[in-house]
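Engineer: pasting the structure only:
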């Protein structure tokens, strides 16, 4: 599918992506670069890695597809860094959890080059971080949102969709703004709530967790995610996260009022609406 | 350990309990009663069930241990119903998720009988409901809180602790009030939040869930719990649930303010405190 794919930032997502590309033979060569020399050294021993570069500029040389897998705050700056040396016609994408800022900045940065940026968000991964957790099947059957801006070429969009589909993903296209609204609700809001909950419970008697069951364990798993990565995600998607929080807080207040006022039927209705929503997710349990 | 154990309400917990008692040979006979005739008929075919009774009164006849496994709102009324016919010296307990109301009412109801009530809360189970999901190993390695009131006999407390330990549980004793405070935080609060979240997401575009990953799925699993049972739990533990909610809301507001004010370091600190708390739960992942 591609002559050479460059993975910038081979962590859990980047390394899993490289494995999946290698397994499915979607590129003749895979080149990787990591900011940390230790990670670059580790890459040398990975069979998904054909070449390790010492700089982002060296890594993108000769690549027709570049995938940025670094923390969201660093993606646009890195696009700026590689912009002058990208090959004509190169397709640049990323795997970041936020899209509006990244896509608009990256478009500007590539404006006078022959390369194009189209954002991607493969919704795979977990609270684990690092290459050592990478798996070639990480993307199978997971959702992927591709977020072209209005001026993106249909051919390039089609090529990017085809790429993620070849990894087994269920792909949709939406605008970067819509993407950020959606993930603010189904990903960033639950994370924000569960991190707040864990932080709050840590401030009470932490040993109460000895009296908890699978419910607390499963519901708070996401709070184990990397704090640095998630601080960047919340900050990059601030406006939509706050909007989602506002909506959630209205719902929470309504349920709390119902409890305070002994409105059993209203409590029941809310719990039933919530259960109906959750049960539709069940098929993927 | 007991001559005859009576299980009132053989749902997921009650039937699992009966299986575990049978497997470990903790009672010579197991008698069960269910409000629903269909469930009583089903019990006849279960090998953990030695006898099915047509009424709670008939079910407790000859029992030295009675375990109430019905929804929390019905526990004290059922204790009142069986009070006149309980055997002298019978030990009555329950598996309800709330304790203060149940323990105080049950003590009064048994005041002039030769039987004693001591509350229990084995923290096992899941969002599934019904006998068909029962498993004899449900209680192994799970926490159990036993909640004697001040006047409970040491001998009877010891016997009850021994019973739950024989099922493989990690048992602690706390007052009913302390129990309700603890579970308000580590169980009822997360459930309240995730039910509110699911109800809120249902009010937005429900198909956004197609773009969600394992994080939303795992964090909201508890919202699939039985709405009727949980409405009763929240209502019985209203005061402590509201107190826990108040504390959580302060934490949430602080994190939201930090986000609105661009206080990255404060966001990071909260996420790190939350992660540290959650990581201590990890051993049970």
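Structural biologist: Ah, there it is. These numbers were taken from a predicted model, which means no experiment stands behind them.
Engineer: For the residue nearest to the spatial centre of chain A, what are phi and psi?
Structural biologist: By CA atoms, centre = their mean, chain A has its centre lying nearest to residue A:97, at 3.5 Å. Per-residue torsions, residue A:97: phi -80, psi -10 (degrees, to the nearest 10).
Engineer: my read: it touches residue A:235, true?
Structural biologist: No. The criterion here is CB atoms under 8 Å, and residue A:97 misses it with residue A:235 at 11.7 Å. From N, CA and C alone the C-beta is placed, and that goes for glycine too.
Engineer: Need the residues that contact stretch A:127-140.
Structural biologist: Applying CB atoms under 8 Å, 6 or more residues apart in numbering or on different chains, the contact partners of stretch A:127-140 are A:10-20, A:22-23, A:39, A:42-43, A:46, A:122, A:124-126, A:164, A:167-169, A:221-226, A:229.
Engineer: Nearest spatial neighbour of residue A:238, chain-adjacent residues omitted?
Structural biologist: residue B:259 (5.8 Å; CB to CB, 6 or more residues apart in numbering or on different chains).
Engineer: give the contact list for the one you found.
Structural biologist: Residue B:259 neighbours (CB under 8 Å, 6+ apart): A:234-235, A:238, A:241-242, B:267.
Engineer: How far away from the center of its chain is the longest helix seen in chain A?
Structural biologist: If you go by DSSP state H, chain A has its longest helix at helix A:238-260. Put simply, helix A:238-260 sits 25 Å off its chain's centre (CA atoms, centre = their mean, to the nearest Å).
Engineer: Give the buried residues for the helix or strand following it.
Structural biologist: Next helix or strand after helix A:238-260 toward the C-terminus (DSSP states H and E): helix A:264-279. By neighbour count on 16 or more other CB atoms under 10 Å in any protein chain shown, the buried set for helix A:264-279 is A:264, A:266-278.
Engineer: List of residues touching helix A:264-279?
Structural biologist: For helix A:264-279, the external contacting residues (CB under 8 Å, 6+ apart) are A:251, A:254-255, A:258-259, B:194-199, B:201-203, B:206, B:209, B:220-221, B:223-225, B:227-228, B:230-231, B:234-235.
Engineer: in stretch A:46-58, what counts as buried?
Structural biologist: Residues of stretch A:46-58 classed as buried: A:46, A:48-53, A:56, A:58 (neighbour count, 16+ other CB under 10 Å).
Engineer: before we move on, the earlier item: now which of the contacts of stretch A:127-140 would you call buried?
Structural biologist: A:10-20, A:22, A:39, A:42-43, A:46, A:122, A:124-126, A:164, A:167-169, A:221-226, A:229.
Engineer: Mind checking which of those residues are in helices?
Structural biologist: Counting by DSSP H, the part of those found in helices is A:12-20, A:22, A:39, A:42-43, A:164, A:229.
Engineer: who touches the residue of the stretch 51-200 of chain A found nearest chain B in this structure?
Structural biologist: Using CB to the nearest CB, residue A:198 is the residue of the stretch 51-200 of chain A that sits closest to chain B, at 3.5 Å. Neighbour list for residue A:198: A:220, A:223, B:273-275, B:277-278 [criterion: CB under 8 Å, 6+ apart].
Engineer: got these as CSV, with distance to residue B:32 and pLDDT columns?
Structural biologist: CSV is the format used below for the contacts of residue A:198 (distance: CB to CB, whole Å; pLDDT from 0 to 100):
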residue, distance to residue B:32, pLDDT
A:220, 36, 97
A:223, 40, 97
B:273, 46, 97
B:274, 43, 97
B:275, 45, 97
B:277, 40, 96
B:278, 39, 96
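Engineer: Closest one to residue B:109 out of the residues you listed, please.
Structural biologist: Set against residue B:109, the nearest of the contacts of residue A:198 by CB to CB is residue A:220 (37.9 Å).
Engineer: In this structure the closest one contacts residue B:219, no?
Structural biologist: Yes. Counting by CB under 8 Å, residue A:220 does reach residue B:219; the two are 7.4 Å apart.
Engineer: Could you name every residue contacting both of those two?
Structural biologist: Counting by CB under 8 Å, 6+ apart, the residues touching both residue A:220 and residue B:219 are residue A:194.
Engineer: What average pLDDT does stretch A:161-180 get?
Structural biologist: Taken as a whole, stretch A:161-180 has an average pLDDT of 97.
Engineer: Start and end of that stretch, how far apart?
Structural biologist: Using CA to CA, to the nearest Å, one end of stretch A:161-180 lies 19 Å from the other.
Engineer: Kindly report the same for stretch A:172-190.
Structural biologist: First-to-last distance for stretch A:172-190 - CA to CA - comes to 22 Å.
Engineer: Name the surrounding residues that touch stretch A:100-108.
Structural biologist: For stretch A:100-108, contacts defined as CB under 8 Å, 6+ apart pick out A:72, A:75-76, A:79-80, A:92, A:94, A:96, A:117-119, A:147, A:149, A:151, A:176-177, A:179-180, A:236-237.
Engineer: what about 6 Å?
Structural biologist: If you take CB atoms under 6 Å, 6 or more residues apart in numbering or on different chains as the criterion, stretch A:100-108 is touched by A:75-76, A:79, A:96, A:117, A:119, A:147, A:149, A:176-177, A:180, A:236.
Engineer: Looking at those residues, which are in helices?
Structural biologist: Among those, the ones falling in helices (DSSP H) are A:75-76, A:79, A:176-177, A:180, A:236.
Engineer: Mind putting those residues into JSON lines with neighbour count?
Structural biologist: JSON lines is the format used below for the ones in helices among the contacts of stretch A:100-108 (neighbours: other CB atoms under 10 Å in any protein chain shown):
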{"residue": "A:75", "neighbour count": "28"}
{"residue": "A:76", "neighbour count": "23"}
{"residue": "A:79", "neighbour count": "25"}
{"residue": "A:176", "neighbour count": "22"}
{"residue": "A:177", "neighbour count": "15"}
{"residue": "A:180", "neighbour count": "28"}
{"residue": "A:236", "neighbour count": "24"}
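Engineer: Farthest pair within these?
Structural biologist: A:79 and A:177 (19.0 Å).
Engineer: What parts of the stretch 51-200 of chain A come near chain B?
Structural biologist: Residues of the stretch 51-200 of chain A lying near chain B by CB under 6 Å from any CB of the partner chain: A:123, A:143, A:145, A:182, A:185-186, A:190, A:193-196, A:198-200.
Engineer: 10 Å - rerun?
Structural biologist: Taking CB under 10 Å from any CB of the partner chain as the measure of proximity, the stretch 51-200 of chain A contacts chain B at A:73, A:121-127, A:142-145, A:170, A:172, A:174, A:178-179, A:181-200.
Engineer: Quick check: residue A:152 vs residue A:139, distance?
Structural biologist: Distance from residue A:152 to residue A:139, counting by CB to CB, to the nearest Å: 22 Å.
Engineer: Then residue A:208?
Structural biologist: 38 Å.
Engineer: Which residue of those two possesses the greater neighbour count?
Structural biologist: Legend: neighbour count by other CB atoms under 10 Å in any protein chain shown for residue A:208 and residue A:139, higher for residue A:139 (25 against 18).
Engineer: Just confirm the more buried one is within a strand.
Structural biologist: No. Counting by DSSP: H, G, I helix; E, B strand; the rest coil, residue A:139 is not found in a strand; it is coil.
Engineer: circling back to that earlier point, excluding chain neighbours, what is closest to the residue of the stretch 51-200 of chain A closest to chain B?
Structural biologist: residue B:274 (3.5 Å).
Engineer: One more: residue A:216?
Structural biologist: Nearest to residue A:216 is residue B:186, by CB to CB, 6+ apart, at 5.2 Å.
Engineer: Give me the distance between the two termini of stretch A:62-70.
Structural biologist: Its first and final residues considered, stretch A:62-70 spans 21 Å by CA to CA.
Engineer: could you give me the average pLDDT of it?
Structural biologist: For stretch A:62-70, the mean pLDDT works out to 97.
Engineer: same check, this time on stretch A:94-103
Structural biologist: Stretch A:94-103 comes out with an average pLDDT of 97.
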